[in-house]
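Asker: Turn this into a model:
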Amino acid sequence: MALLTLNNACLAFGHVALLDHTAFALEPGERVGLIGRNGTGKSSLLKIIAGMEKLDDGVVQFQNGVRLAYVAQEPQFADGINVFDAVSLGLGDIRELRDRFEAHQDGDDLDALMTQIEARDGWNWEQRVEQILQHLGLPAELMISDLSGGMKKRVALAQALVASPDVLLLDEPTNHLDLNAITWLEELLVAFKGSILLISHDRAFLDNVCTRIIELDRGILRSYPGNFAAYELLKAGQLADEALANARFDKLLAQEEVWIRKGVEARRTRSTARIKRLDDLRGARASRRDTIGRVKLEVSQGDRGGKIVAELEDVNKRYGDRDIVKNFTGTFLRGDKVGLVGSNGAGKTTLLKIILGELAADSGKVKIGSNINVAYFDQMRDNLDLNATLADFISPGSEWIEINGSRKHVMGYLQDFLFSPARANSPVRTLSGGERNRLLLARLFARPSNVLVLDEPTNDLDIDTLDLLEDLLADYPGTVFLVSHDRRFLDNVVTSTVVSEGGGSWREYEGGVQDWLVQSRRAEALANANAKSSGNTPPAAAPAPAPAAPVVAAAPAAKARKLSYKEQRELDELPKRIADLETEQASLNAQLADPDIYKKNPQGLPAMQERISSIDEELLTLLDRWETLAPK
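Answerer: Got it, this is the predicted structure:
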């Protein structure tokens, strides 16, 4: 029997139906991932189930005695309390019941209070809180105000879990968590005995945790069994079938529109029925909600800049008695896509500022390349003016934006990022978290740059936008520095990964997160084997890396840089492109060798000669690219 059921649910903001007579049921033991475009109503649906908001129409039904716990996207805590007090608030009225029993004021029914306390296992609530804190690695006496965003998210989870809920509702639980914490959370949720309904755009997280995917698509909740990988396969087939059905429908409607314009020959029953069918077709077409368009991303590219972006040798940086960067050496070239990985507080931002010349190192050599033009994406959204309109935020004082030499009206540019013209004059404060991130990306990409620095750009972005952002960054000719805890995103974008290995030590690995894990495990295995063969006891192995910073005792064997999917596809196409250019050039040379061409088409000769010269340049470029991509 379902723990909760949503029937004929309706919810609308303005003229847009977020929930359109839709239904959903959550079964015991399920771990359901709720996905969908930004602004489609996912968080509203979660709050409705949690009892924080109400439907316009329809009902939410719960099994008798079901206990729910809700963890918000950005948890809020009262000022001046410590971790123990914050977590104990999750027990609800259990503390109050025991306090009333111990105070036993006149008028209290002690027998009734005892019965309620025993039913809720409230005699030892302090031990329950301490067990949860120990399990989640939280210091009881630490003040909430002193915690990082990731630690506050842990406290919110502890507050939810201490009540032993039957249903756990999580809104973007991986936001502000580092890779270690995300892996820890995956293990926690898989071991959770109750049911889970969570919102997330972290594809690897959805793969590892969920047993079913629910997509909120144009007001309807659609169910897909399995994890996110299974959803992708089913969704692709479903979209193809939907496009085919819509095409057939539109063809029939067009035929009927042609018929009605020719005039009705007689008012016979058959014609009247056909007119009625046409009215029905028109109504169905008007009410159809087509697939929402995809974001069109284009980045404004600045001057080419030098080949070397930054060169660091034995760089050190300390704060107090703590090493943030210790003896780091690295070279970053134009076109590199570099991921920075480490736990929260490891110093990723500090290292990035040193690389870009924004922060001086304590010692070592730092050489910054020439003509560097940096565009910066800030995960904290400090640059958002909540009172500005969308149009003014993107292009203050002008209706036009210039991108790569072409002018574009700000309304059209906003539409590329799925903001309708009707919303262009709305204040930024009306946007959801994902929409604000999308707006920041829109402004970032409108600025000319040859170095992009993206600090947690994937937070709150929907999956379609993530896919397109991956493609954009892969094609970007400049250099990208990417700080992210989204493993799939890093694997699909970066060419190398700089990893914090503790104690201020940083190391660069070829490839993405998975490549780093493979290389570090091999290095650890090699170090252990060498230690055994020499008769020394090898150091205790680090826990299986959640992507944290495994201690590496030996350098991994050198290996060729792993090509991204786009690079591999480009390499595969290069022979044909070169052959086509050579064929075209040979044809032009043959035409020029024919004496009659000087009589038949003398005006075309300069263009043909210019084309032959340009083919020479293109061939040199392609051959150089082939040499770069081809395995050595």
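Asker: all helices for the stretch 151-300 of the chain, in order.
Answerer: Along the stretch 151-300 of the chain, counting by DSSP state H, counting those that start in this stretch, helices occupy 179-191, 203-209, 228-261, 269-287.
Asker: swap in the stretch 301-450 of the chain?
Answerer: 348-355, 390-394, 410-416, 433-445.
Asker: And the shortest one, what does it pack against?
Answerer: With contacts defined as 3 or more C-beta pairs under 8 Å, 6 or more residues apart in numbering; DSSP states H and E, the packing partners of helix 390-394 are helix 410-416, helix 433-445. All C-beta atoms are positioned from the backbone trio N, CA, C, and that covers glycine.
Asker: next one: the longest one
Answerer: Packing contacts for helix 433-445, counted by 3+ C-beta pairs under 8 Å, 6+ apart, involve strand 374-377, helix 390-394, helix 410-416, helix 463-475.
Asker: how far does it sit from the chain's center?
Answerer: 13 Å (C-alpha atoms, centre = their mean, to the nearest Å).
Asker: Averaged pLDDT, it. What do you get?
Answerer: In this model, helix 433-445 has a mean pLDDT of 79.
Asker: average model confidence for the following helix or strand past it?
Answerer: Scanning forward in sequence from helix 433-445 by DSSP states H and E, the next helix or strand is strand 451-455. Averaged over strand 451-455, pLDDT sits at 87.
Asker: Let me know the angle separating strand 451-455 from helix 348-355.
Answerer: Interaxial angle, strand 451-455 versus helix 348-355 (axes from the mean of the first three to the mean of the last three C-alpha atoms, to 10 degrees): 170 degrees.
Asker: before we move on, back to that, out of the helices of the stretch 301-450 of the chain, which is closest to residue 531?
Answerer: helix 348-355 (30.4 Å; C-beta to C-beta).
Asker: Does that closest one pack against any helices or strands, and if so which?
Answerer: strand 308-319, strand 322-333, strand 337-341, strand 479-483.
Asker: who touches the second one?
Answerer: If I follow you right, that is strand 322-333. Taking contacts as C-beta atoms under 8 Å, 6 or more residues apart in numbering, the residues outside strand 322-333 that touch it are 307-318, 338, 347, 350-351, 354-355, 361, 364, 479, 498, 503-506, 508.
Asker: Just the buried residues of those.
Answerer: Buried subset of these (neighbour count, 16 or more other C-beta atoms under 10 Å): 309-312, 315-317, 338, 347, 350-351, 354-355, 361, 364, 479, 498, 504-506, 508.
Asker: which regions of the stretch 301-450 of the chain lie under the pLDDT threshold?
Answerer: Residue ranges of the stretch 301-450 of the chain with pLDDT under 70: 301-305, 378-383, 404-405.
Asker: Count residues in the vicinity of residue 329, would you?
Answerer: 14 (other C-beta atoms under 10 Å).
Asker: mind checking how far it is from residue 356?
Answerer: 17 Å (C-beta to C-beta, to the nearest Å).
Asker: before we move on, the earlier item: the helices and strands packed on helix 390-394: which one's closest to residue 26?
Answerer: helix 433-445 (23.6 Å).
Asker: so the closest one versus strand 451-455, what angle?
Answerer: Using the same axes, to 10 degrees: helix 433-445 against strand 451-455 is 160 degrees.
Asker: so which of the helices and strands packed on helix 390-394 gets nearest residue 58?
Answerer: Of the helices and strands packed on helix 390-394, nearest to residue 58 by C-beta to C-beta is helix 433-445, at 24.9 Å.
Asker: Make TSV from the helices and strands packed on helix 390-394 and add distance to residue 396 and mean neighbour count to it.
Answerer: Output for the helices and strands packed on helix 390-394, formatted as TSV (distance: least, C-beta to C-beta, whole Å; neighbours: other C-beta atoms under 10 Å):
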stretch	distance to residue 396	mean neighbour count
helix 410-416	10	18
helix 433-445	10	21
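Asker: Now tabulate those in TSV and tack on distance to residue 36.
Answerer: Shown next, in TSV, are the helices and strands packed on helix 390-394 (distance: least, C-beta to C-beta, whole Å):
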stretch	distance to residue 36
helix 410-416	20
helix 433-445	10
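Asker: and residue 485, which of the three is it?
Answerer: Under DSSP: H, G, I helix; E, B strand; the rest coil, residue 485 falls in the coil class.
Asker: mind showing which ranges of the stretch 1-150 of the chain have poor pLDDT?
Answerer: Ranges of the stretch 1-150 of the chain meeting pLDDT under 70: 15, 95-96, 98-100, 102, 104-110, 113, 116-124.
Asker: where along it do the strands fall?
Answerer: Secondary structure of the stretch 1-150 of the chain (DSSP state E, counting those that start in this stretch): strands located at 4-13, 16-26, 31-35, 57-62, 68-71.
Asker: Single out the most deeply packed of these.
Answerer: strand 31-35 (a mean of 23; mean count of other C-beta atoms under 10 Å).
Asker: Residue 443 reaches residue 393, doesn't it?
Answerer: Yes: shown here, residue 443 and residue 393 form a contact pair, counting by C-beta atoms under 8 Å, at 6.5 Å.
Asker: can you tell me which of the strands of the stretch 1-150 of the chain comes nearest to residue 114?
Answerer: If we rank the strands of the stretch 1-150 of the chain by C-beta to C-beta, the stretch that ends up nearest is strand 68-71, at 25.4 Å.
Asker: partners of that closest one in the sheet?
Answerer: strand 167-171 (parallel) (DSSP bridges).
Asker: In PDB, list the C-alpha atoms belonging to the partner strand.
Answerer: Provided in PDB are the C-alpha atoms of strand 167-171 (Å, rounded to 0.1, in the frame of the first residue of the first chain):
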ATOM      1  CA  VAL A 167       9.300   9.300   4.300                       C
ATOM      2  CA  LEU A 168      12.300  11.600   3.800                       C
ATOM      3  CA  LEU A 169      11.900  14.600   1.400                       C
ATOM      4  CA  LEU A 170      15.100  16.100   0.200                       C
ATOM      5  CA  ASP A 171      15.400  19.200  -2.000                       C
END
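Asker: Measure how that strand sits relative to helix 179-191, angle-wise.
Answerer: 150 degrees.
Asker: Please work out which residues outside stretch 456-463 touch it.
Answerer: For stretch 456-463, using C-beta under 8 Å, 6+ apart, the contacting residues are 35-38, 73, 172, 175-176, 201-203, 377, 379, 432-434, 436-438, 441, 466, 469, 482-486, 489.
Asker: now with 7 Å?
Answerer: With C-beta atoms under 7 Å, 6 or more residues apart in numbering as the test, stretch 456-463 has contacts from 35-38, 172, 175, 201, 203, 377, 379, 433-434, 437-438, 441, 466, 469, 483-484, 486, 489.
Asker: Count residues in the vicinity of residue 202, would you?
Answerer: Neighbour number of residue 202 under other C-beta under 10 Å is 27.
Asker: any idea whether the most centrally placed residue in the chain is helix, strand or coil?
Answerer: The centre of the chain sits closest to residue 458, judged by C-alpha atoms, centre = their mean, with a distance of 3.3 Å. At residue 458 the chain is in coil, as set by three-state DSSP.
Asker: could you measure it against residue 486, distance?
Answerer: Counting by C-beta to C-beta - residue 458 and residue 486 are separated by 4 Å.
Asker: Residue 42 too?
Answerer: From residue 42 to residue 486 the distance is 18 Å (C-beta to C-beta).
Asker: repeat for residue 628
Answerer: Counting by C-beta to C-beta - residue 628 and residue 486 are separated by 28 Å.
Asker: what pairs with residue 481 across the strands?
Answerer: So, taking DSSP bridges as the rule, residue 481 has residue 338, residue 453 as bridge partners.
Asker: ok, now which ones touch it?
Answerer: 338, 340, 352, 453.
Asker: Go again with 10 Å.
Answerer: 309-310, 332, 336-340, 348, 351-352, 355-356, 374, 376, 451-455, 494, 498 (C-beta atoms under 10 Å, 6 or more residues apart in numbering).
Asker: Show the buried residues in those.
Answerer: Here, 16+ other C-beta under 10 Å leaves 309-310, 332, 336-340, 348, 351-352, 355-356, 374, 376, 451-455, 494, 498 buried among the contacts of residue 481.
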